[in-house]
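> Show me the folded form of this:
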Amino acid sequence: MESLDTIKINDVEILKNINLQKYTTIKLARVGQIAICKTEKGLINLIETLHQKKIKYRLVGWGANQVLHNVENTLCIKLDFKFDKSQIDPSLNLFELPASTNLNQLTSLATKYGFSGWEVFTGVPGSLGGAICMNAGTSLGEIGELVESVRVLRSNLKVECLTLSKESFVYRNNTFLKQGDIILSAKIRHFGIDTRLSEKITEYLDYRKATQPLTTRNCGSVFKNHSQFKAGIVIDRIGLKGFGTDNVSVSLKHGNFIENNGEGSSDEFIEVVNSLKEVIERFSGLKFELEVKVY
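Numbers count the residues shown, from 1 in each chain. Presented below is the predicted three-dimensional model:
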């Protein structure tokens, strides 16, 4: 990769040759470069410079649902746009929010104001933009149901506003983003005030805490579910909970989670996942597609 030393852009901090461990929720060791962008203007100037220097880049969001692996010749980018939750007016039902907004903050607002529909991302880690990109959700629904429009920075540096519909989303994916596109902000709606929403969110969080390893170092669900077979149940029935190494292994609480129990690396994670897929197919005949993004 061409040297990053000459890149100086306002509102952008570039960190070189650091352990990227803290920039993903599973916290696997990997050395690389990352740029922290504080404003949209800084991001656009950065992308333009990277194009000119022919440097590859990749957005990492808040690091949920991903494993950083092939990063030697790629600049990771994290958005950190300002979000002032005091600007949320509960009398409105539509809000434009920065893509880097933490979903936990939105869950807090849903609990405070009773925004019906916002319970769908209860307990989901990560940023709003990342959640929209993969149409994140829970058994309560998917975030795509709430999104009216997005502002997207296309790879040609044009900013477009896209009005979205049901056809814009599929299971754990979208149909409107192309390679190199970055969501800048989104307008999301709620469906009125539900006075019991706080209670519903608390109940669902208690359920997730009881059934999923929310407090460990993991990347969320590793495999997408089949229409008739849930990956976690299949893995459990085969007896693969705990499968892996001392550092990286299948959660004892939920079969579709892999945990970093020590000083695991991305190499170790990939080895465990590949071995796990082989065993699953051998004993069940099923091939599960990865939900986690391995870059």
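> Strands along the stretch 101-250 of the chain, start to end?
Remark: strands assigned in the stretch 101-250 of the chain by DSSP state E, counting those that start in this stretch are 137-138, 141-142, 147-153, 159-163, 169-170, 173-174, 182-189, 218-221, 248-250.
> So which of those is nearest residue 264?
strand 248-250 (4.1 Å; Cβ to Cβ). For glycine as for every other residue, the C-beta is placed from the backbone atoms N, C-alpha and C.
> can you give me the mean pLDDT across the lengthiest helix in the chain?
Of all the elements of type helix in the chain, the one with the most residues (DSSP state H) is helix 266-284. The predicted model assigns helix 266-284 a mean pLDDT of 96.
> cool, stretch 82-96 as well?
In this model, stretch 82-96 carries a mean pLDDT of 93.
> So for it, what gets flagged as buried?
By 16 or more other Cβ atoms under 10 Å, the buried positions in stretch 82-96 come out as 83, 88, 95.
> and if you look at stretch 168-177?
Within stretch 168-177, the residues scored as buried using 16+ other Cβ under 10 Å are 168, 169, 172, 174, 176, 177.
> Just the closest of those to residue 195, please.
Using Cβ to Cβ, residue 169 comes nearest to residue 195 of these, at 28.8 Å.
> who does that closest one bridge with?
Residue 169 has these beta-bridge partners by DSSP bridges: residue 174.
> That one contacts residue 142, doesn't it?
Yes: Residue 169 is within contact range of residue 142, at 6.8 Å (criterion: Cβ atoms under 8 Å).
> Which residues are in contact with each of those two?
Common contacts of residue 169 and residue 142, defined by Cβ atoms under 8 Å, 6 or more residues apart in numbering, comprise residue 135.
> ok, and the helix or strand in the chain with the lowest average confidence?
Among the helices and strands of the chain, strand 137-138 carries the lowest confidence by mean pLDDT, DSSP states H and E, at a mean of 89.
> Give the next helix or strand downstream of the longest helix of the chain.
strand 293-294 (DSSP states H and E).
> what's that following strand packed up against?
strand 66-67, helix 266-284 (3 or more Cβ pairs under 8 Å, 6 or more residues apart in numbering; DSSP states H and E).
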